[in-house]
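Colleague: structure of the sequence below:
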Amino acid sequence: MKRLLKFGVWAGISVVLFILITNIWVVTSTRNLIFNLQEIPASEVALVLGTSRRTSEGIPNKFFVGRMKGAVDLYQSEKIKHLLLSGTRVPNYNEPNDMFKALGELGVPSKHISLDTAGFRTLDSVVRSKEVFGLNSITIVTQKFHCYRSLFIAKKYGIKAVAYSVDEGGSIGFNLAMREVLARSYAVIDLYIFQSKPRFLGEKIELDIK
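Modeller: Numbers count the residues shown, from 1 in each chain. Below is the predicted model of the structure:
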């Protein structure tokens, strides 16, 4: 029994250390690639990562609102030419289409927007930007806590990426913070052990960038 208890303690310590080390790795290796609007270098395409338009309570999702505002800011300031909206599409739920509608309402012409409806998770969205849409350089649009992991995935796949943090202050909440901490550790496992690929790739799609 003592041996089993000792094993459990060491296993727990090992897990905590792995989570700590992998989070430090993900954050420190990407933090210099996150910019504000004034400092971010110009590029042709921004990859806008999807999230739900409304929360489970039916109120506007602040993360969705922030990403749409960030995408518009980049476009209007001529930091990017084209927006690639990537997210999940299933029956009765379509993140890219919701983003497309929101950006249209905010004055972005549809000819400067493309949709990726197979961005089922961050890895899929980032990797498909290269493997399907042929982008070797992107600007990622999302909240700062999400920027680190997105950029980490991009680096692993040889994508030259920077991120525009669309945070406007305030806490993201304990549950979401812990979820992201675990997601960073899982990303390391996903990329370096499982060597995971996007769920769907399919035919190449050339973006009409003008």
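Colleague: so Pro196 sits in a strand?
Modeller: No, residue 196 isn't Pro; it's Ser. No: looking at Ser196 with DSSP: H, G, I helix; E, B strand; the rest coil, it is coil, so not inside a strand.
Colleague: number the residues from 417 up from this point.
Modeller: Will do, 417 is the new start, and the previous item becomes Ser612.
Colleague: if I look at it, how far off is Thr538?
Modeller: 11 Å (C-beta to C-beta, to the nearest Å). Bear in mind the C-beta positions are built from the backbone N, C-alpha and C, glycine included.
Colleague: who has more neighbours out of those two?
Modeller: Thr538 (22 against 17; other C-beta atoms under 10 Å).
Colleague: now for the residue nearest to Gly618 when sequence neighbours are not counted: which residues touch it?
Modeller: Nearest non-adjacent residue to Gly618, counting by C-beta to C-beta, 6 or more residues apart in numbering: Val548, 6.5 Å away. Going by C-beta atoms under 8 Å, 6 or more residues apart in numbering, Val548 touches Asp532, Leu617, Gly618, Glu619, Lys620, Ile621.
Colleague: got it, and Ser459?
Modeller: Ser459 makes contact with Lys495, Ile496, Ser553, Ile554, Thr555, Val578 under the criterion C-beta under 8 Å, 6+ apart.
Colleague: wait, a strand at it?
Modeller: No: per three-state DSSP, Ser459 lies outside any strand segment and is coil.
Colleague: does Phe561 really touch Gly589, like I thought?
Modeller: No: using C-beta atoms under 8 Å, Phe561 makes no contact with Gly589, being 10.4 Å away.
Colleague: and the end-to-end length of stretch 454-465?
Modeller: Using C-alpha to C-alpha, to the nearest Å, the end-to-end distance of stretch 454-465 comes to 21 Å.
Colleague: and it, what's buried?
Modeller: Of all the residues in stretch 454-465, those buried under the rule 16 or more other C-beta atoms under 10 Å are Ile456, Ser459, Val461, Ala462, Leu463, Val464, Leu465.
Colleague: spatially nearest residue to the second one (excluding sequence neighbours)?
Modeller: If I follow you right, that is Ser459. Ranked by C-beta to C-beta, 6+ apart and with sequence neighbours excluded, the top spatial neighbour of Ser459 is Thr555, at 4.9 Å.
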